[in-house]
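Visitor: Need a 3D model of the following:
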Amino acid sequence: MPSAVWDSGSDARSPRRLAPALWALLVLFALRVVGQALVVFLHVPWLPPEREWYSGLLAYPLLLPAQVLILLLLGAVCRDFTRGRGWFVTPRRWIGRWVTGFGVVYLAAMIVRYVIWMALHPEARWLGGSIPIMFHCVLATFLILLGRYHRRRERTASAHA
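Guide: Residues are numbered from 1 along each chain as shown. Predicted coordinates for the structure are as follows:
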């Protein structure tokens, strides 16, 4: 099938249709990164305290650069989906399988983590200590959407071959 058909912005299978959802998830994650930085560096009083923003598994001097790298990677994915072309929109079976699988396991782990956190900390009901969990869910959702796109595109490309 000619690539012009696959890349058409009006085509229901176009990567451009997924771009708004991916951008929305990227913006949510960016707001989390900026919010935590505002609390850590500027001690803004109108946001939750520092202890609410991260689980302590990774020290903030290591966490922030990792978050920036994640933002850059997600931004590159969003750019390709917005343009309708690029490495991240070219159908790849392994992306579909591995990224979807990882995203589902990641999301399930965060749901279990939330349930355990709430069971161990009933005083935190419903949102106390959940900022990191919720934003891990945002990242997992991004991965699931990306992986499902590749799974669908790979199946559709195989069917038309």
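
Visitor: separation between residue 36 and residue 16?
Guide: Residue 36 sits 31 Å away from residue 16, going by CB to CB, to the nearest Å. For every residue, glycine as well, the C-beta is placed using N, CA and C.

Visitor: Please work out how many residues are found near residue 92.
Guide: 15 (other CB atoms under 10 Å).

Visitor: Once you drop chain neighbours, what's closest to it?
Guide: residue 150 (5.7 Å; CB to CB, 6 or more residues apart in numbering).

Visitor: Buried by neighbour count: which residues of the helix or strand harbouring the one you found qualify?
Guide: Assigned by DSSP states H and E, residue 150 belongs to helix 131-159. Going by neighbour count (16 or more other CB atoms under 10 Å), the buried part of helix 131-159 is 131-133, 135-151, 153-154.

Visitor: shouldn't the residue nearest to residue 92 be in contact with residue 93?
Guide: Yes: Residue 150 lies in contact with residue 93 (CB atoms under 8 Å); the separation is 7.3 Å.

Visitor: Next secondary structure after the helix or strand of the chain with the lowest mean pLDDT?
Guide: Least confident helix or strand of the chain, by mean pLDDT, DSSP states H and E, is helix 3-6 with a mean of 39. As assigned by DSSP H and E, the chain's next helix or strand after helix 3-6 is helix 19-37.

Visitor: Packing partners of the helix or strand just after that next one?
Guide: On the C-terminal side of helix 19-37, the nearest following helix or strand under DSSP H and E is helix 60-83. For helix 60-83, the packing partners by 3 or more CB pairs under 8 Å, 6 or more residues apart in numbering; DSSP states H and E come out as helix 19-37, helix 131-159.

Visitor: nearest to residue 80, of those helices?
Guide: Among these, the nearest to residue 80 by CB to CB is helix 19-37 (8.9 Å).
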